[in-house]
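A.B. asks: Got a sequence here, can you build the structure:
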Amino acid sequence: MFSADIDMDKTSWITPFKKQCFVTAGVSLNLASHGLVMGFAAILLPQLALPNSLIPIDDVSGSWIASILGFALVAGNFIVPSIMAKFGRRTANLVSIAPMIIGWFCILTASSITTLLIARFLQGLSMGMSSSLGPVLIGEYTSPKNRGAFLTIISLSIATGVLFVHTLGLYFTWQITALVIVFIVFGDLLIVIYSPESPSWLADQGRYDECREVFKWLRGNAEDDELEKMIESSKIIREAKALTEESGSFCKRLKRNIAYVNTTLRKKEFYKPIFIMIHIYTLGQWSGANLLAAYTLKIFTNIVGTGTNISLMIIILDIQRLISNSVALFVIRKVKRRTMLFATVSINLFAFLVTAAYTYFKSQNMLPYDHPFIGILLIHTHMFSIATGTVPLPFIIAGELFPLEYRSLAGGLSVLFLSSNLFITVKTAPYLFSSVGIYGAYLLYAGVVGYCLVVVLWLLPETKDRTLLEIENEFRGQPLSPEELKSTQSLTSFKHFNMDRRCSSPVI
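C.D. replies: Below you'll find the model as predicted:
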């Protein structure tokens, strides 16, 4: 199928950039489901809480419907690395869409809380897979000069998803809203079907002719140097793996593999990106993005009050998020990653602290002057920091940080903290709001975000406009020589040994 697409190069107006836009659209629409799923909770829960609801719920069941995504994300994180490594990024992308479609159909036919929980679990499973896969695939598809902008589209897609589902929820029931979303997911499926495999994965599999074909289709002829370096490194590593697997008995090879795993775990290029991304993902989840998507009505009611048209305010907030994401799309091409991270997270901390102070003094009737506009401005400031920094930057940095050899495994391990923190923040938010108030919860969030920012700024190298190999070499301290490359093997390959030969149980 893809070989026929190569003929499109004869059409001059179909540039490599447009091809990168096409393949990125398939990944971004998949990740837009994050916004659709999270935003759907803000539509579903208030409608189910009505007296004549088809499925009556209380606060406990409502919080589980909103937060069960976190459990499912963990499962998706574990599933996708092996699929990415063994069957390819494109196949993993197709697999990740399936539970999302099934989940929306389950919601369409739901008549009980159990069915809704199953549906949300399936959707969370898909989100967990795409969270690990999306940044990696975009990072491998796109040119270094455009990579930051393309990765920013992830957050733009999520923001569009939230705005779309919130707007639909104003006019339609949650069942009709789910039906419309099913058609969007099917459209994403078609784009992914007609997208090529990642050239990096093809090189890792030794399919060099296909790798060159896809790379030139995506990038043109201006980046041949990166292509040849990638293929050269892959050949050396594959040669070393072949020699290792052919020499000695199976158990001896297994011992060498265990020793290699122990060595790998101590490598800076393996553990440092994971440690950094753990803190970046934690920062992103505690910055308030999911709270403003899932508990929008409750937050507006607590901060602004009930004297305004809250439904309209929610739509305006979603539009501001979309505009801010669009601004970030252009700013990220000009501003360094570390600078943008520091600026936007500082605004996020400011919004948390000032909102905490405002709501506390408001609850104690200690404000000399109050107006709904103050609360609205604080929420919009908070959303601006999220849309321009704490949502897009984790995806951007994740697409740039991990070395090719460990990309599937490292991405999956670090995204575990995305899923666990998503569950913690969404599940505990109603309890925190009722027990310590908005001000207490926001102070807690500010403390976590502030700690993560300090760690990240201490360890994160600048990645803007650098190739993935250059970033990997900086973590390592120096480029690997051919001799050093030959002494390494892909960590993910250890999972695929035939354990039935002489040893009965797997080690990894």
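
A.B. asks: Give me the below-cutoff pLDDT ranges for the stretch 1-150 of the chain.
C.D. replies: 1-12 (pLDDT under 70).

A.B. asks: Apply 90 and report the result again.
C.D. replies: Residue ranges of the stretch 1-150 of the chain with pLDDT under 90: 1-21, 23-35, 38-39, 41-90, 109, 111, 124, 127-150.

A.B. asks: Now do the helices in it.
C.D. replies: Secondary structure of the stretch 1-150 of the chain (DSSP state H, counting those that start in this stretch): helices located at 2-5, 16-48, 59-67, 69-87, 89-108, 113-141, 144-171.

A.B. asks: L416: which of these is closest?
C.D. replies: When the helices of the stretch 1-150 of the chain are compared by Cβ to Cβ, helix 69-87 sits nearest L416, at 5.1 Å. C-beta: built from backbone N, CA, C; applies to glycine.

A.B. asks: Just the CA trace of the closest one, in CSV.
C.D. replies: This file holds the C-alpha atoms of helix 69-87, laid out as CSV (Å, rounded to 0.1, in the frame of the first residue of the first chain):
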residue,chain,number,x,y,z
LEU,A,69,-8.8,6.1,33.6
GLY,A,70,-5.7,6.1,35.8
PHE,A,71,-5.8,2.4,36.5
ALA,A,72,-6.4,1.6,32.8
LEU,A,73,-3.5,3.9,31.8
VAL,A,74,-1.1,1.7,33.8
ALA,A,75,-2.3,-1.3,31.8
GLY,A,76,-1.9,0.5,28.5
ASN,A,77,1.6,1.6,29.5
PHE,A,78,2.6,-2.1,30.1
ILE,A,79,1.1,-3.4,26.9
VAL,A,80,2.3,-0.9,24.3
PRO,A,81,6.2,-1.1,24.7
SER,A,82,6.3,-4.7,23.5
ILE,A,83,4.0,-4.0,20.6
MET,A,84,6.0,-0.9,19.6
ALA,A,85,9.3,-2.9,19.7
LYS,A,86,8.1,-6.1,18.1
PHE,A,87,5.4,-5.1,15.6
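
A.B. asks: How far away from the center of its chain is it?
C.D. replies: 12 Å (Cα atoms, centre = their mean, to the nearest Å).

A.B. asks: Let the chain start at 393 from now.
C.D. replies: With the count now opening at 393, the last piece we talked about shows up as helix 461-479.

A.B. asks: Give me the neighbour count for I475.
C.D. replies: Counted by other Cβ atoms under 10 Å, the residues lying close to I475 total 20.

A.B. asks: An error on my part: the question was meant for W496.
C.D. replies: W496 has 26 neighbours, counted by other Cβ under 10 Å.

A.B. asks: List the residues that contact the closest residue to it other than its chain neighbours.
C.D. replies: Nearest residue to W496 in three dimensions, chain neighbours excluded: V574, at 4.8 Å (Cβ to Cβ, 6 or more residues apart in numbering). Counting by Cβ atoms under 8 Å, 6 or more residues apart in numbering, V574 makes contact with 493, 496-497, 500.

A.B. asks: got the angle between whatever helix or strand V574 lives in and helix 408-440?
C.D. replies: For V574, the enclosing helix or strand under DSSP states H and E is helix 566-585. Angle between the axes of helix 566-585 and helix 408-440 is 160 degrees (criterion: axes from the mean of the first three to the mean of the last three Cα atoms, to 10 degrees).

A.B. asks: Give the rounded mean pLDDT of helix 566-585.
C.D. replies: For helix 566-585, mean pLDDT is 92.

A.B. asks: Could you export whichever helix or strand comes after it as PDB, CA atoms only?
C.D. replies: Where DSSP H and E defines the elements, the next helix or strand beyond helix 566-585 is helix 591-596. C-alpha atoms of helix 591-596 as PDB (Å, rounded to 0.1, in the frame of the first residue of the first chain):
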ATOM      1  CA  PRO A 591      11.800   4.800   9.700                       C
ATOM      2  CA  SER A 592      13.600   4.500  13.000                       C
ATOM      3  CA  TRP A 593      11.800   1.200  13.800                       C
ATOM      4  CA  LEU A 594      12.400  -0.100  10.200                       C
ATOM      5  CA  ALA A 595      16.100   0.600  10.700                       C
ATOM      6  CA  ASP A 596      16.100  -1.100  14.100                       C
END
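
A.B. asks: Helix 591-596 packs against which elements?
C.D. replies: helix 505-533, helix 600-611, helix 616-638 (3 or more Cβ pairs under 8 Å, 6 or more residues apart in numbering; DSSP states H and E).

A.B. asks: contacts for that helix?
C.D. replies: Applying Cβ under 8 Å, 6+ apart, the contact partners of helix 591-596 are 476, 480-481, 532, 600, 602-604, 606-607, 610, 619, 622-623, 626, 630, 796, 799, 882.

A.B. asks: again with stretch 497-509
C.D. replies: 436, 446-447, 449, 453, 456-457, 460, 510-511, 514, 566-567, 570-571, 574.

A.B. asks: about what we covered before: tell me which of the helices of the stretch 393-542 of the chain sits most buried.
C.D. replies: Of those, the one with the most neighbours on average (mean count of other Cβ atoms under 10 Å) is helix 505-533, at a mean of 25.

A.B. asks: quick one: that helix to helix 600-611, angle?
C.D. replies: Using the same axes, to 10 degrees: helix 505-533 against helix 600-611 is 90 degrees.

A.B. asks: what's the spacing between T674 and S806?
C.D. replies: Using Cβ to Cβ, to the nearest Å, one gets 10 Å for the distance from T674 to S806.

A.B. asks: again but with F734, I slipped
C.D. replies: Distance of F734 to S806, computed by Cβ to Cβ: 21 Å.

A.B. asks: and those two? which has more neighbours close in?
C.D. replies: With neighbours defined as other Cβ under 10 Å, F734 and S806 compare such that S806 has more, 26 against 15.

A.B. asks: Helix or strand for the more buried one, just tell me which one.
C.D. replies: helix 799-827.

A.B. asks: mind listing what's buried in that helix?
C.D. replies: Buried positions in helix 799-827, judged by neighbour count with 16 or more other Cβ atoms under 10 Å: 799-819, 821-822, 824-825.

A.B. asks: ok so, going back, mind checking which of the helices and strands packed on helix 591-596 is nearest R729?
C.D. replies: Among the helices and strands packed on helix 591-596, helix 505-533 comes nearest to R729, with 13.2 Å by Cβ to Cβ.
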